[in-house]
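Student: sequence plus predicted model, see below.
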Number of protein chains: 2
Amino acid sequence: MGRGARSLMVDTSKKAVILLSGGLDSATVLAMAQADGYDCYTLGFDYGQRHDSELRAALRVVAAQGTHEHKVIRLNLDAIGGSALTDGDIQVPEEATSDGEIPVTYVPARNTVFLSIALGYAEVIGANHLFIGANAVDYSGYPDCRPEFIQAFERLANVATKAGVEGAGIHIHAPLMTMTKGDIVTVGTALGVDYGLTITCYQADDHGGACGRCEACRLRKAGFEDAGIADPTKYS
Amino acid sequence: MGRGARSLMVDTSKKAVILLSGGLDSATVLAMAQADGYDCYTLGFDYGQRHDSELRAALRVVAAQGTHEHKVIRLNLDAIGGSALTDGDIQVPEEATSDGEIPVTYVPARNTVFLSIALGYAEVIGANHLFIGANAVDYSGYPDCRPEFIQAFERLANVATKAGVEGAGIHIHAPLMTMTKGDIVTVGTALGVDYGLTITCYQADDHGGACGRCEACRLRKAGFEDAGIADPTKYS
């Protein structure tokens, strides 16, 4: 499915699982993996997040960019709580977090959990590559958005699985790690990503309208400004 | 809740998350952690497994042994398939797997996924210890039941979390790792575990009756024989 131009370039021996949230970053990661010829299997998560309009955004991105298969895993991370994104009693802040402080929107061990499930999916389909939109520039307060985390997960993946122990190994790609939001928007735009389909806001309304005030909205808005590209975001 | 004798010994500064499946191994791990004075928070998973009677068994173990809190995480690992335990089209084998071969009952990346979610729960409650019933003796074909896996996960946990980066660190305990099933039954019995409450069978019936034929049943049965302890298992 998806655009024909892309499918001509796919190398089916290069299977990859892409974590696809429906946000700006992961849509860009998907486009980058596709440009590199990976046969992309996308994985979304319904984890009790406030912003479940991003799940619908992920489906729009899949339809527009085309992937081999898209799966959605449901898991009730809200049962353990601890984050403004899954706990209705914790408010999403509209001010920037102080440098080095872990924001209340951090979901405990989220990237570890998502990569683990992606690893299981990779084992089932025989993929050796996982892609994640982790970024150490904008999310400096999140421990699981740093290069050390990606390296430690890759080491784990290679002892945890048959592919790691006996096969060609598991490779974790975090191509956005050191890019600014402006860089990301620039690269994605060049690759044809339609950012109007994506949702970044932590508290988007039911129609996908962004609040324009939360930290995620402000970072995204500044990214388009830095890139000198018109912001296609629909604000509520 | 639970038995008074235990609660006298709990050290609330030693919080631990215990993966509790409702099987023989994890009930033993819980008893061992309790005997060591840990304040135990148990975590079960409803992951589309065939043997969901083990979820009810976990509740019986919690009631009998007593834990601070028990949470159940639902996640549809069956959406990615790849295992006889979650895929109705793959039959549970009744013969032993050849040495070194990964059995079809292996659930891709299951221990990685479960430990990741346990890590998130540990972050929320401020626990520095995770306990898992991984065993390299009986499950030699499972890559994620080896000491190397536990060590790699511990390294990951210490870069993935605030507790690891800034705090007292995260410690992963796999106390059954090198024990035979007979040793496990012996230790658990000495600690007062009521194995009649637990379910090990991969295909137990709706009333919790074990098949007596699958690999899990055969290992369990042999464990009681080796320990010289009467087998309290209810067979269907």
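Tutor: Received, thanks.
Student: is it true that A:Cys40 touches A:Leu19?
Tutor: No: assessed by C-beta atoms under 8 Å, A:Cys40 is found out of contact with A:Leu19, at 11.0 Å. For every residue, glycine as well, the C-beta is placed using N, CA and C.
Student: okay, the two: which has more neighbours?
Tutor: A:Cys40 (30 against 22; other C-beta atoms under 10 Å in any protein chain shown).
Student: what sits against that one?
Tutor: A:Ala16, A:Ile18, A:Leu30, A:Ala33, A:Gln34, A:Thr67, A:His68 (C-beta atoms under 8 Å, 6 or more residues apart in numbering or on different chains).
Student: most centrally placed residue in chain A?
Tutor: A:Ser26 (3.6 Å; C-alpha atoms, centre = their mean).
Student: ok, now how distant is that one from chain B?
Tutor: Distance of A:Ser26 to chain B, given as C-beta to the nearest C-beta, to the nearest Å: 18 Å.
Student: before we move on, which element is that residue in?
Tutor: helix A:24-35 (DSSP states H and E).
Student: and for A:Leu130?
Tutor: Per DSSP H and E: strand A:129-131 holds A:Leu130.
Student: now tell me what touches whichever helix or strand comes after that strand from outside.
Tutor: Per DSSP H and E, the first helix or strand lying C-terminal to strand A:129-131 is helix A:147-160. For helix A:147-160, the external contacting residues (C-beta under 8 Å, 6+ apart) are A:111-112, A:115, A:119, A:130, A:132, A:134, A:136, A:143, A:164-165, A:169-172, A:174, A:177, B:109, B:111-112, B:143-144, B:146, B:148-149, B:152-153, B:155-156, B:159-160.
Student: ok, now stretch A:115-127?
Tutor: Contacts of stretch A:115-127 (C-beta under 8 Å, 6+ apart): A:15-17, A:19, A:41, A:43, A:45, A:69, A:71, A:73, A:75, A:128-130, A:132, A:153, A:157, A:160-163, A:170, A:172, B:75, B:77, B:80-82, B:107-110, B:112-113, B:115-116.
Student: CA atoms only: put the helix or strand containing A:Leu43 into PDB for me.
Tutor: Taking DSSP H and E as the definition, A:Leu43 sits inside strand A:38-46. Taking C-alpha atoms only, strand A:38-46 is exported to PDB below (Å, rounded to 0.1, in the frame of the first residue of the first chain):
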ATOM      1  CA  TYR A  38      13.900  -0.700   4.700                       C
ATOM      2  CA  ASP A  39      10.800  -2.800   4.500                       C
ATOM      3  CA  CYS A  40       8.900  -1.100   7.300                       C
ATOM      4  CA  TYR A  41       6.500  -2.700   9.800                       C
ATOM      5  CA  THR A  42       5.000   0.000  12.100                       C
ATOM      6  CA  LEU A  43       3.900  -0.400  15.700                       C
ATOM      7  CA  GLY A  44       1.700   1.900  17.600                       C
ATOM      8  CA  PHE A  45       0.600   1.800  21.300                       C
ATOM      9  CA  ASP A  46      -2.700   2.500  23.000                       C
END
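Student: read off the pLDDT value for A:Ala216.
Tutor: If you check A:Ala216, the pLDDT there is 86.
Student: count of neighbours near it?
Tutor: 24.
Student: cool, A:Glu215 as well?
Tutor: Other residues near A:Glu215 come to 18 when the count uses other C-beta under 10 Å.
Student: surely it and A:Thr200 touch.
Tutor: No: the pair A:Glu215 / A:Thr200 is not scored as a contact, 10.0 Å apart, by C-beta under 8 Å.
Student: count of neighbours near A:Val72?
Tutor: 15.
Student: export the one helix or strand it maps to to PDB, keeping only CA atoms.
Tutor: Using DSSP H and E, A:Val72 falls within strand A:69-74. The C-alpha coordinates for strand A:69-74 follow below in PDB (Å, rounded to 0.1, in the frame of the first residue of the first chain):
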ATOM      1  CA  GLU A  69       1.900  -3.800   8.100                       C
ATOM      2  CA  HIS A  70       0.800  -1.700  11.100                       C
ATOM      3  CA  LYS A  71       0.000  -3.200  14.400                       C
ATOM      4  CA  VAL A  72      -1.500  -1.500  17.500                       C
ATOM      5  CA  ILE A  73      -0.600  -2.900  20.900                       C
ATOM      6  CA  ARG A  74      -3.000  -2.000  23.800                       C
END
